[in-house]
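S.K.: sequence and predicted structure, then a few things I'm wondering about:
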Amino acid sequence: MAEPAAQTAFAEEAMTHLDTLYRGALRLTHDPDQAQDLVQEAYLRALRYQHSYQAGTNMKAWLFAIMRNLFWDRFKGSRKEDVSLDDLGEFVLFEKLRDEGARPEADVLDKIAASEVVSAVDKLPPLHREVVLLVDVEGFSYKDAADTLGVPIGTVMSRLHRARQQLQKSLYDYAVESGIVRPGGMKQVPQT
Amino acid sequence: MRCEECSDKLDRYVDRELNDTEALQVQLHLEGCPDCMDHYEFEAHLKRLVKHSCDCDTAPKAFREKLRQILS
């Protein structure tokens, strides 16, 4: 067991990453209570195994790895089955919007509510969702994401690519359904 | 650099994952190609949208305090 002072310092540093862990747990479980349970257990486990953490390395990535491993153990029975995403071909939202005359294309993004983006992220299979959470939301490098997930960098890149395509397709579908864009003619709703 | 190559590297450019030489090549292409620059700005905008949409959740204050007590 670590000395009390060292344990206190470790706990204090770990607490600075609480929001990252909670956000990740919330997006993985979709349930605030389960997210809190998951994060609490992750912190207790981190405290128990703090001797295996190398000071000066990336504590946020280390803690996230503990949390997501607990998630898979608890909710998925460690079965990290690679849920396949629909084969979208090469769906590139920018090109899709350009083809339909939505100019400037970025104006469409400004009309999409944050809640719809969260919903699109939540619809991703967990193996793809967690890569988006690490790289796009928390700003992890591919290498740190790979270390956190225990996969090669190439796997991070391929999952991220597929996830972003699915995400862009979901946002496009939402934009069409809500009338932000109208396929086949242009098409953007007037500025609100 | 051709537009196809720029497009292939755009994700890694947005993610700041290219090495210095590759990043400079992409940057130079973008500065001379309005279409690719529009695409880059769109992808960067989308990445910011995902981040800002998802990072507004923070741990509830009561949970933070409970955890702090457990860890002390």
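M.R.: Received the coordinates, thanks.
S.K.: can you show me the helices along the chain?
M.R.: Picking chain A for this. A:4-15, A:18-29, A:32-48, A:59-76, A:93-99, A:106-110, A:114-122, A:126-132, A:142-149, A:153-177 (DSSP state H).
S.K.: ah, I was thinking of chain B
M.R.: Counting by DSSP H, the helices of chain B are B:3-14, B:20-32, B:34-54, B:61-71.
S.K.: Throw these into TSV and include mean pLDDT, thanks.
M.R.: As requested, the helices of chain B are exported to TSV (pLDDT from 0 to 100):
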stretch	mean pLDDT
helix B:3-14	93
helix B:20-32	95
helix B:34-54	93
helix B:61-71	91
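S.K.: just name the most buried of these.
M.R.: Among the helices of chain B, ranked by average contacts under mean count of other C-beta atoms under 10 Å in any protein chain shown, first place goes to helix B:34-54 (a mean of 18). All C-beta spots, glycine's among them, are computed from the backbone N, C-alpha and C.
S.K.: by contact count, what packs against that one?
M.R.: Counting contacts by 3 or more C-beta pairs under 8 Å, 6 or more residues apart in numbering or on different chains; DSSP states H and E, helix B:34-54 packs against helix A:93-99, helix A:106-110, helix A:114-122, helix B:3-14, helix B:20-32.
S.K.: now the shortest one: buried residues?
M.R.: Right, the one you point to is helix A:106-110. Buried residues in helix A:106-110, defined by neighbour count with 16 or more other C-beta atoms under 10 Å in any protein chain shown: A:106, A:107, A:108, A:109.
S.K.: enumerate every residue touching the last one.
M.R.: Put plainly, it is residue A:109. A:171, B:42, B:45, B:46, B:49 (C-beta atoms under 8 Å, 6 or more residues apart in numbering or on different chains).
S.K.: just the closest of those to residue B:59, please.
M.R.: Nearest to residue B:59 among the contacts of residue A:109 is residue B:49, at 23.0 Å by C-beta to C-beta.
S.K.: that closest one contacts residue A:112, doesn't it?
M.R.: Yes: using C-beta atoms under 8 Å, residue B:49 makes contact with residue A:112 at a distance of 7.1 Å.
S.K.: now flag whichever of the buried residues of helix A:106-110 is closest to residue A:71.
M.R.: residue A:109 (29.8 Å).
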